[in-house]
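Student: Coordinates only, no sequence provided:
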């Protein structure tokens, strides 16, 4: 067996002719679970941060430059809200 790994998270990728090893599946599941939890925590922290965020590269339209924005969730949707 010549096991390959994914580029970003190092998940184990058995070949089509390999016998599947349950330990490899569990290993992959643990990595995915950990990364999903990390992503969720990071997004939640960012959304609930009361301090407005300044975006330097908001585009080329002068109407959007130089403002401060905050992230808000409305009915499960994420929006940028101008605060200054």
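Tutor: Nice, I can see it. All values derive from a computational prediction rather than experimental measurement.
Student: hey, where'd the strands end up in the chain?
Tutor: 4-5, 12-13, 53-54, 68-74, 77-82 (DSSP state E).
Student: Now tabulate the ones you listed in a markdown table and tack on mean pLDDT and mean neighbour count.
Tutor: From N, CA and C alone the C-beta is placed, and that goes for glycine too. Formatted as a markdown table, the strands of the chain follow (pLDDT from 0 to 100; neighbours: other C-beta atoms under 10 Å):
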| stretch | mean pLDDT | mean neighbour count |
| --- | --- | --- |
| strand 4-5 | 94 | 10 |
| strand 12-13 | 94 | 14 |
| strand 53-54 | 56 | 12 |
| strand 68-74 | 75 | 13 |
| strand 77-82 | 77 | 11 |
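Student: Identify whichever of those strands lies nearest to residue 19.
Tutor: Residue 19 lies closest, by C-beta to C-beta, to one member of the strands of the chain: strand 12-13, at 12.9 Å.
Student: Listing partners with orientation, what would you give for the closest one?
Tutor: Strand pairing for strand 12-13, using DSSP bridges, gives strand 4-5 (antiparallel).
Student: Need the residues that contact the partner strand.
Tutor: Here strand 4-5 makes contact (C-beta atoms under 8 Å, 6 or more residues apart in numbering) with 11-13, 15.
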